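Asker: Got a predicted structure here, sequence first:
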Amino acid sequence: VISSVNETSLRLEWDPPKESGGREDVVYNIICKSCGSGRGACTRCGDNVQFVPRQLGLTDPRVHISDLLAHTQYTFEIQAVNGVSDQSPYSPQFTAVNITTNQA
């Protein structure tokens, strides 16, 4: 995963899964969690955080995220899912990226 942080926005890029199970319908979901500036429990990001082109169902392995809070720790979970993922009894696999924003 490659990240580029610029005050209150960032760009994430990642490699597709090495093994797709023979499926070509892989899409990506980005789960955003805000962890505040201290050591507390993380909570889902609010609706104010913007994802371009979108947060769910990404077809390309990249996203631009903006309107983040300055001086805040975030965790972004990048999920790779396909058409049969919702049939699985297991939670989607993901890679987590921890980012701390700079001052605005």
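Answerer: Perfect, I can see it now. Quantities reported herein were computed from a predicted structural model and do not represent experimental measurements.

Asker: and residue 50, what are its bridge partners?
Answerer: Beta-bridge partners of residue 50, counted by DSSP bridges, are residue 66.

Asker: OK, contacts around it?
Answerer: 65-67 (Cβ atoms under 8 Å, 6 or more residues apart in numbering). (C-beta placed from N, C-alpha, C; glycine too.)

Asker: Out of those, which is nearest to residue 74?
Answerer: Comparing the contacts of residue 50 against residue 74 with Cβ to Cβ picks out residue 65 as the nearest, at 8.5 Å.

Asker: Can you tell me the number of residues neighbouring the closest one?
Answerer: A total of 23 residues lie near residue 65 under the criterion other Cβ atoms under 10 Å.

Asker: returning to what we had before: kindly reformat the contacts of residue 50 as a markdown table and extend each row with distance to residue 41 and pLDDT.
Answerer: Listed next are the contacts of residue 50 as a markdown table, based on distance: Cβ to Cβ, whole Å; pLDDT from 0 to 100:
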| residue | distance to residue 41 | pLDDT |
| --- | --- | --- |
| 65 | 21 | 97 |
| 66 | 24 | 96 |
| 67 | 22 | 96 |
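
Asker: Secondary structure class of the residue of the chain positioned farthest from its centre, three-state.
Answerer: Note on the chain: the largest separation between a C-alpha and the mean C-alpha position, by Cα atoms, centre = their mean, falls on residue 22 (24.0 Å). Three-state assignment for residue 22 (DSSP: H, G, I helix; E, B strand; the rest coil): coil.
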